[in-house]
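No sequence on hand, only this structure:
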Ligand code: LLP
């Protein structure tokens with residue numbers, strides 16, 4: 001049995017802790033399934049990325065879709081981060097977390113008129129448009145509101161991010177952004193619109209990118225375009241590289257922000273632009289765990305083992321959707337042999353699993369487990385399928401902890417129904 005290496009989640013006297021808090025005690029106090037986050041992980045990761053680029057004019061806009069709990073958004077905002085929002089709902093969350101619209105970017109391949117109006121009326125920093133038609137729509141809404149709309153255009157640099165196809169976004173075949181070959185003409189065309197103020201270019205080539213080359217390739221392409229557009233007379237101010245920095249779930253080799261900075265800063269230096277980053281996963285994934293309880297174990301006639309736990313695809317969709325690996329380990333180190341098992345949830349789908357054919361210490365009913373790296377794209381993708389109530393979330397800070405979202409009740413399940 002190997003244990004997930006982390007300074008923020010480690011065993012102290014055989015008991016898994018988040019910072020200085022014993023996770024078994026948290027599971028007993030609040031019940032399971034339970035998300036637990038390390039505040040100091042979030043802070044340290046933010047500082048690591050920010051520091052790596054400190055020699056250039058840059059700003060981080062935390063991609064709140066990764067973990068949109070109000071307290072989490074607030075932590076990053078208090079560190080100086082702006083917030084990237086992908087819908088009116090995320091805009092509302094950021095606002096409630098105390099973020100001013102001037103510190104938000106509005107993203108999304110299919111923004112509704114309601115979302116554009118919300119952004120423009122509230123003075124959002126930038127709307128990132130993804131088609132020519134969208135820019136025309138923003139222009140006419142801005143004219144009606146009698147405002148100038150700050151717009152960046154998302155370019156699809158046609159670069160293979162070498163990640164899972166569902167989270168790869170920068171290939172020509174993907175739905176996102178504008179093809180590079182149309183980009184220059186589109187900027188010139190849109191710069192003539194009466195109520196559009198073109199502020200920058202934008203890209204996001206995918207998520208969980210673990211090799212540095214796709215970033216460098218895309219940034220080089222985009223930098224050429226940026227320079228060409230500026231010399232064509234459009235006074236762009238910012239260059240947005242999106243999110244996507246990969247993290248370690250298992251045995252991946254990822255690159256560090258310092259390594260990324262070494263490659264990208266020389267390119268950025270030629271641009272005279274504010275550089276924008278939109279990380280989500282990098283800042284949060286390994287700062288969270290999902291605690292779960294073993295309900296039953298069984299072995300079928302083929303000799304296959306199943307550990308049935310009280311967490312499912314309704315709490316952590318990533319294994320079911322992308323076959324993602326999440327490390328699983330017991331909250332209390334158990335002196336037992338390892339066995340090979342599927343770890344599955346209670347939902348009525350064969351695709352509902354947490355881990356497949358995994359070697360773990362033999363566990364039994366009542367043992368509690370931590371599903372690691374659940375701080376990003378965990379709770380935000382949780383659902384009420386099968387009438388399940390979404391779990392609580394706890395934020396740990398040193399030896400202190402607080403509940404930052406309570407477990408849903410039965411009333412939550414029906415409160416807006418007749
Ligand atoms: N900016 C834009 C425009 C994005 O679409 C995304 C993620 C980000 C920033 C943040 O990307 P990150 O730094 O977190 O990689 N549910 C999937 C991930 C989908 C990511 C969607 N867009 C998963 O669980 O792996």
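Thanks, I have it. In this text, all values refer to a predicted model and were calculated from it rather than measured experimentally. Numbering: from 1, shown residues only.

how close does residue 39 get to the ligand?
For residue 39, the distance to the ligand equals 19 Å [Cβ to the nearest ligand atom, to the nearest Å]. To be clear about C-beta, it is placed using only N, CA and C from the backbone, and glycine gets the same treatment.

Count the neighbours of the residue nearest to residue 366 when sequence neighbours are not counted for me.
Spatial nearest neighbour of residue 366, excluding adjacent residues (Cβ to Cβ, 6 or more residues apart in numbering): residue 294 at 6.5 Å. Neighbour count of residue 294, defined by other Cβ atoms under 10 Å: 19.

and what of residue 333?
Using other Cβ under 10 Å, the number of residues around residue 333 comes to 15.

Skipping adjacent residues, who's closest to it in space?
Counting by Cβ to Cβ, 6+ apart, the residue nearest residue 333 is residue 14, at 4.2 Å.

list the buried ones in stretch 177-197?
Neighbour counts over stretch 177-197 (16 or more other Cβ atoms under 10 Å) mark 177, 178, 180, 183, 186, 187, 190, 191, 193, 195, 196 as buried.

Show me the beta-bridge partners of the second one.
Okay, so that is residue 178. residue 155 (DSSP bridges).

didn't it look like it was pressed against residue 154?
Yes - Residue 178 lies in contact with residue 154 (Cβ atoms under 8 Å); the separation is 6.8 Å.

Give the intersection of the neighbour lists for the two.
Common neighbours of residue 178 and residue 154 (criterion: Cβ atoms under 8 Å, 6 or more residues apart in numbering): residue 130.

Now for residue 296: which residues touch it?
Residues near residue 296 by Cβ under 8 Å, 6+ apart: 307, 308, 365.

make it 7 Å
Contacts for residue 296 (Cβ atoms under 7 Å, 6 or more residues apart in numbering) come out as 308, 365.

for it, helix, strand, or coil?
Here residue 296 is strand, with the state taken from DSSP: H, G, I helix; E, B strand; the rest coil.

Return, as residue ranges, the portions of this protein with sub-threshold pLDDT.
Scanning the chain for pLDDT under 70 picks out 1-2.

Spell out the residue ranges of the helices in it.
In the chain, the helices defined using DSSP state H lie at 23-30, 39-52, 70-78, 88-96, 113-121, 132-145, 180-191, 213-231, 257-268, 281-284, 318-322, 410-414.

out of those, deepest packed?
Highest mean neighbour count of those: helix 281-284, a mean of 29 (counted as mean count of other Cβ atoms under 10 Å).

Give me the contact list for that helix.
42, 45-46, 49, 62, 66-67, 72, 76, 207-208, 245, 247, 375-377.

Stretch 381-392 now?
Here stretch 381-392 makes contact (Cβ under 7 Å, 6+ apart) with 30, 33-35, 312, 314-315, 317, 347-348, 403, 405-409, 412-413.

neighbours around the residue nearest to residue 333, how many?
Applying other Cβ under 10 Å, we find 11 residues neighbouring residue 14.

So which residues on this structure come close to the ligand?
Proximity of the chain to the ligand, by Cβ under 6 Å from any ligand atom, involves residues 63, 65-66, 84, 107, 167, 204, 207-208, 242-245, 278-282, 318, 377.

Return the subset of the residues you listed lying in strands.
Counting by DSSP state E, the part of the residues of the chain next to the ligand found in strands is 63, 84.

Of the residues of the chain next to the ligand, keep whichever come out buried.
Buried residues within the residues of the chain next to the ligand, counting neighbours by 16+ other Cβ under 10 Å: 63, 65-66, 84, 107, 167, 204, 207-208, 242-245, 278-282, 318, 377.

Number of residues surrounding residue 234?
By other Cβ under 10 Å, the residues close to residue 234 number 18.

For the closest residue to it other than its chain neighbours, give its distance to the ligand.
Excluding the flanking residues, the one nearest residue 234 by Cβ to Cβ, 6+ apart is residue 191, at 4.6 Å. To the ligand, residue 191 is 23 Å away according to Cβ to the nearest ligand atom.

pretty sure residue 191 contacts residue 232?
No - with contacts counted by Cβ atoms under 7 Å, residue 191 stays clear of residue 232, the gap being 8.5 Å.

sorry, back to before: return the closest of the buried residues of stretch 177-197 with respect to residue 286.
residue 177 (28.7 Å; Cβ to Cβ).

State the phi and psi torsions of that closest one.
Dihedral pair for residue 177: phi 70, psi -170, per degrees, to the nearest 10.

now swap in residue 6 and tell me
phi -160, psi 150.

That one: how many residues sit nearby?
For residue 6, using other Cβ under 10 Å, the count is 17.

same check, this time on residue 301
Here the number of neighbours of residue 301 (other Cβ under 10 Å) works out to 5.

picking that back up, so who does the residue nearest to residue 366 touch?
307, 309, 363, 364, 365, 366, 367, 369.

if you look at those, which of them are in strands?
Using DSSP E, the contacts of residue 294 in strands are 307, 309, 369.

Mind picking the one among those residues that's closest to residue 330?
Nearest to residue 330 out of the ones in strands among the contacts of residue 294 is residue 369 (Cβ to Cβ; 5.6 Å).
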